[in-house]
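Trainee: Have a look at this prediction, sequence included:
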Amino acid sequence: MYIRTTTRKYKDRVYTNHLLVESVMTDKGPRQRTICSLGDLGPKPLEGWLTLARRLEAALLGQMVLFEDEPDPVLDAALAKVHAKRKRLSEEAADAPKTVEQSGGEQLVRVAIDRVAMEESREAGPAHAGHQFFQRLELPRILADVGLDAKAVSLTELMVLNRLIGPASEHAMPHWARTSAIGDILPVDVAALYDEKLYRNMDELAGHTADIEKQLAAVERNLFNLDDTVFLYDLTSTYFEGDCPRNEQAKRGYSRDKRPDCKQVVVGLVVNRDGFPRAHEVFDGNRQDRTTVDEMLSALERRVGKPAVGTTVVVDRGMAFDENLEQIVARGYSYLVAARQSERGAWLDAFEDDGDWQQLTPSSAKGPTVRIKSRERDGLTWLLCVSEGRTKKDRAIREKQEQRFLTDVAKLQKRIVAGRLKNRDKIHVAIGRLAERYPRVARYYRLQLNEDGTELSFDVLADKRAKAEELDGSYLMKTNRKDLQAEEIWRTYMLLARAENAFRDMKSPLSERPIFHHLARRVQVHIFLCVLAYHLLVAIETTLLRSGCPLSWERVRDTLKTHQIATIVLPADNGDVLKIRKGTVPEPEHVQIYDALDIPHQPVRERRLWLRPRE
């Protein structure tokens with residue numbers, strides 16, 4: 001409470017009045033409410049008014065004064081005025097018994113049923129779950145530790161929750177915030193939110209991503225008791241809309257999104273065996289996979305520290321070159337990789353040998369049968385694998401490529417016979433392009449050009465073709481670990497699918513792509529926000545799995561959408577209006593998820609606001 005001085009001039013005379021005022025929270029933010037008029041209290045120093053306001057507040061709250069000063073007639077007069085006003089209001093309420101009654105400690109209001117309404121209904125369940133896990137992962141503290149103020153922390157959480165719940169561009173994000181319950185859950189004025197604030201917040205986050213990721217890794221390790229002895233590394237690409245002339249990382253390269261027409265960046269992500277991200281990096285769009293390994297290992301060590309004995313790095317065959325394996329070993333890691341396709345040929349006899357195979361149980365009733373066996377050679381453990389499902393897939397891919405290859409060869413033959421292509425050098429260039437386009441099948445075809453360059457023929461290398469057919473469905477792994485059994489090697493490598501799942505989740509439910517930012521720092525922060533959202537996603541899914549409720553985040557999000565926050569408008573029969581802002585009663589499926597996640601059943605506390613008509 002405090003005392004406000006007001007003045008009014010009437011007939012050349014200035015009248016002074018003092019008001020006892022308190023601050024109250026309303027739907028439109030903090031407002032000042034006048035408790036009563038104290039009249040003209042006379043001149044007094046500023047400290048005196050402050051002391052008087054505090055003593056008034058203490059007296060009205062019923063607090064005892066341990067050391068009584070001398071009687072203060074001004075205080076006594078002010079208290080008398082307040083008590084007189086309260087008594088008058090109480091008598092007025094008693095004269096209107098139809099409006100408010102007290103029963104059992106609950107406030108009962110008689111309302112005009114025909115005018116009862118519900119307004120500002122907003123989806124709250126997904127934001128509630130995301131907010132609770134944002135707090136559980138200690139992200140507010142981590143963001144504050146790197147230098148963000150309270151406002152920036154709230155805006156960052158809003159942006160992360162947007163990627164988790166209803167991904168939108170920063171331009172469209174304010175509309176999403178205003179049409180969801182995010183304004184009820186977070187201390188953000190969504191009515192005053194606009195895209196430029198979000199862009200500035202991204203700029204403030206830039207440069208702090210590595211520190212945030214490092215602290216977050218430590219929190220998750222302790223919170224979920226994670227095993228950081230196996231790291232799975234994979235890459236993906238994400239493309240841009242536009243030319244991005246001011247982003248040096250935006251380049252054309254091998255597109256995993258099937259958009260070679262667009263510039264892109266390459267994203268490297270390391271996850272542990274539980275699927276939690278441990279480190280990420282953004283590389284130039286034309287960066288080759290094999291050139292990123294050493295840099296990514298450096299980033300990983302900055303986030304989680306030096307590797308413990310027995311820590312294993314798992315990568316796919318695109319990063320299984322000798323120099324990559326040397327880089328992994330030089331840093332103290334072990335490795336488990338898919339061997340290069342060319343290395344399979346040396347194991348053809350072992351693949352054809354029907355003995356010593358171990359059949360693995362499929363992970364599902366419809367899963368393909370997998371047979372494995374291990375061999376020791378050159379100080380490494382090699383794992384030979386044959387998958388029934390992969391056999392059909394490999395054969396279908398090879399036959400489709402072979403059909404396309406022969407079709408393009410026939411077209412080239414027609415061009416040569418018709419005389420539209422006569423230059424021998426250009427013909428050989430065209431042949432080389434065919435071999436580059438169809439590497440899987442071109443190796444067992446031999447194309448020959450006659451001496452005068454007027455006819456192109458081909459022969460099938462039957463032995464190579466037969467060998468390719470025999471290797472359909474087979475693949476090879478190798479590791480420098482000697483303590484793993486064959487099944488352990490295979491199941492550990494299969495964990496690499498968790499890195500692939502992370503990219504799939506980031507691109508699909510979290511909508512990482514396409515990127516509309518053109519500045520390099522904002523592109524990196526955009527991807528970082530997607531990674532933070534994925535931290536929440538995997539934390540939620542892991543908690544549900546360990547609670548015996550194995551639901552995906554998409555299922556959880558769709559289920560919780562029906563749990564909302566709304567304002568109930570109750571018009572009293574004396575003309576007053578009571579507005580109650582609260583969450584709807586959670587349905588059984590909501591309660592099941594909330595209990596599994598160990599979070600409150602209600603997103604916010606109930607708020608009440610009386611609107612009284614002016615006299």
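Mentor: Sure thing, it's come through. Numbering: from 1, shown residues only.
Trainee: Leu297: neighbour count?
Mentor: Leu297 has 23 neighbours, counted by other Cβ atoms under 10 Å. Backbone N, C-alpha and C define where each C-beta goes, glycine included.
Trainee: Next: Lys9.
Mentor: 8.
Trainee: Please identify which helix or strand holds it.
Mentor: Taking DSSP states H and E as the criterion, Lys9 maps to strand 2-10.
Trainee: so how far is the very next helix or strand once past that strand from its chain's centroid?
Mentor: As assigned by DSSP H and E, the chain's next helix or strand after strand 2-10 is strand 13-26. Computed by Cα atoms, centre = their mean, to the nearest Å, the chain-centroid distance of strand 13-26 equals 48 Å.
Trainee: For strand 13-26, which residues meet the burial criterion?
Mentor: Of the residues in strand 13-26, 18-21 count as buried by neighbour count, 16 or more other Cβ atoms under 10 Å.
Trainee: re earlier: run the chain-centre distance for the strand holding Lys9.
Mentor: Distance of strand 2-10 from its chain centroid, counting by Cα atoms, centre = their mean, is 53 Å.
Trainee: Low-confidence regions, the stretch 501-615 of the chain specifically.
Mentor: Residues of the stretch 501-615 of the chain meeting the criterion pLDDT under 70: 506-514, 613-615.
Trainee: what are the ranges of the helices in it?
Mentor: In the stretch 501-615 of the chain, helices defined by DSSP state H, counting those that start in this stretch lie at 520-546, 553-560, 588-597, listed in chain order.
Trainee: which residues sit in contact with Ile565?
Mentor: 121-122, 124, 181, 184, 581-584, 603-604 (Cβ atoms under 8 Å, 6 or more residues apart in numbering).
Trainee: actually Ala181, not the one I typed
Mentor: Contacts for Ala181 were tallied using Cβ under 8 Å, 6+ apart; they are 122-124, 127-128, 564-565, 603-604.
Trainee: and if we set it to 10 Å?
Mentor: Going by Cβ atoms under 10 Å, 6 or more residues apart in numbering, Ala181 touches 120-128, 131, 190, 563-566, 583, 603-604.
Trainee: In the stretch 101-250 of the chain, where is pLDDT below threshold?
Mentor: Within the stretch 101-250 of the chain, the stretches with pLDDT under 70 are 101-107.
Trainee: so how far is Arg287 from the residue positioned nearest the centre of the chain?
Mentor: Nearest to the mean C-alpha position of the chain, by Cα atoms, centre = their mean, lies Ala533 at 1.3 Å. Separation of Ala533 from Arg287 (Cβ to Cβ, to the nearest Å): 24 Å.
Trainee: now do Val188
Mentor: Taking Cβ to Cβ, one finds Val188 at 37 Å from Arg287.
Trainee: and these two? which has more neighbours close in?
Mentor: The neighbour count for Val188 versus Arg287, taken as other Cβ under 10 Å, is higher for Arg287 (21 against 17).
Trainee: How about the secondary structure of that one?
Mentor: Under DSSP: H, G, I helix; E, B strand; the rest coil, Arg287 falls in the coil class.
Trainee: check contacts around it.
Mentor: Counted by Cβ under 10 Å, 6+ apart, Arg287 has contacts 235, 237, 249, 251, 253-254, 265-266, 268, 281, 295.
Trainee: Please apply the same query to Leu143.
Mentor: Leu143 makes contact with 134, 149-150, 152-154, 156-157, 204-205, 208, 211-212, 215, 532 under the criterion Cβ under 10 Å, 6+ apart.
Trainee: Kindly recompute the last result at 8 Å.
Mentor: The contact partners of Leu143, taken as Cβ under 8 Å, 6+ apart, are 152-153, 156, 212.
Trainee: among those residues, who's most crowded?
Mentor: Thr156 (24 neighbours).
Trainee: in a strand, that's where Lys258 is, yeah?
Mentor: No. Secondary structure of Lys258 (three-state DSSP): coil, not part of a strand.
Trainee: What is the burial count for it?
Mentor: Neighbours of Lys258 using other Cβ under 10 Å come to 7.
Trainee: what's the helix or strand harbouring Ser154 in contact with?
Mentor: Per DSSP H and E: Ser154 is located in helix 150-165. If you take Cβ under 8 Å, 6+ apart as the criterion, helix 150-165 is touched by 126-127, 130-131, 134, 139-140, 143-144, 148, 168, 170, 173, 176-177, 180, 182, 186-188, 197-198, 201-202, 204-205, 510-511, 529-530, 532-533, 536-537, 553, 557.
Trainee: list the buried ones in the helix or strand following that helix?
Mentor: Where DSSP H and E defines the elements, the next helix or strand beyond helix 150-165 is helix 173-178. Within helix 173-178, the residues scored as buried using 16+ other Cβ under 10 Å are 173-174, 176-177.
Trainee: helices and strands around the helix ranked longest in the chain, which ones?
Mentor: As assigned by DSSP state H, the longest helix anywhere in the chain is helix 388-417. Under the contact definition 3 or more Cβ pairs under 8 Å, 6 or more residues apart in numbering; DSSP states H and E, helix 388-417 sits against helix 424-437, helix 439-442, strand 445-449, strand 456-460, helix 462-470.
Trainee: how does it look with 10 Å?
Mentor: strand 370-377, helix 424-437, helix 439-442, strand 445-449, strand 456-460, helix 462-470, strand 474-479 (3 or more Cβ pairs under 10 Å, 6 or more residues apart in numbering; DSSP states H and E).
Trainee: Which positions in the longest one come out as buried?
Mentor: Meaning helix 424-437. Neighbour-count burial for helix 424-437, with 16+ other Cβ under 10 Å as criterion, is recorded at 427, 430-431, 434.
Trainee: Output that helix as CSV, restricted to C-alpha atoms.
Mentor: Output in CSV follows, covering the C-alpha atoms of helix 424-437 (Å, rounded to 0.1, in the frame of the first residue of the first chain):
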residue,chain,number,x,y,z
ARG,A,424,34.9,-39.4,-78.9
ASP,A,425,36.0,-37.3,-75.8
LYS,A,426,32.4,-36.2,-75.3
ILE,A,427,31.1,-39.7,-75.7
HIS,A,428,33.6,-40.9,-73.0
VAL,A,429,32.5,-38.1,-70.7
ALA,A,430,28.9,-39.3,-71.2
ILE,A,431,29.9,-42.8,-70.3
GLY,A,432,31.6,-41.6,-67.2
ARG,A,433,28.5,-39.7,-66.1
LEU,A,434,26.5,-42.9,-66.4
ALA,A,435,29.0,-44.7,-64.2
GLU,A,436,28.8,-41.9,-61.6
ARG,A,437,25.0,-41.8,-61.7
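Trainee: So what angle separates the directions of that helix and strand 456-460?
Mentor: Relative orientation of helix 424-437 versus strand 456-460 (axes from the mean of the first three to the mean of the last three Cα atoms, to 10 degrees): 30 degrees.
Trainee: the strands in the stretch 151-300 of the chain, which residues?
Mentor: Applying DSSP state E, counting those that start in this stretch to the stretch 151-300 of the chain gives strands spanning 230-239, 264-272, 277-284.
Trainee: In JSON lines, list these along with mean neighbour count and distance to Ser334.
Mentor: JSON lines is the format used below for the strands of the stretch 151-300 of the chain (neighbours: other Cβ atoms under 10 Å; distance: least, Cβ to Cβ, whole Å):
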{"stretch": "strand 230-239", "mean neighbour count": "23", "distance to Ser334": "10"}
{"stretch": "strand 264-272", "mean neighbour count": "25", "distance to Ser334": "15"}
{"stretch": "strand 277-284", "mean neighbour count": "22", "distance to Ser334": "17"}
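Trainee: Can I get the ones you listed in CSV including distance to Trp490?
Mentor: Putting the strands of the stretch 151-300 of the chain into CSV (distance: least, Cβ to Cβ, whole Å) gives the following:
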stretch, distance to Trp490
strand 230-239, 14
strand 264-272, 19
strand 277-284, 23
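Trainee: closest one to Ser342 among the ones you listed?
Mentor: Distance to Ser342, taken as Cβ to Cβ, is lowest for strand 230-239 among the strands of the stretch 151-300 of the chain, at 21.4 Å.
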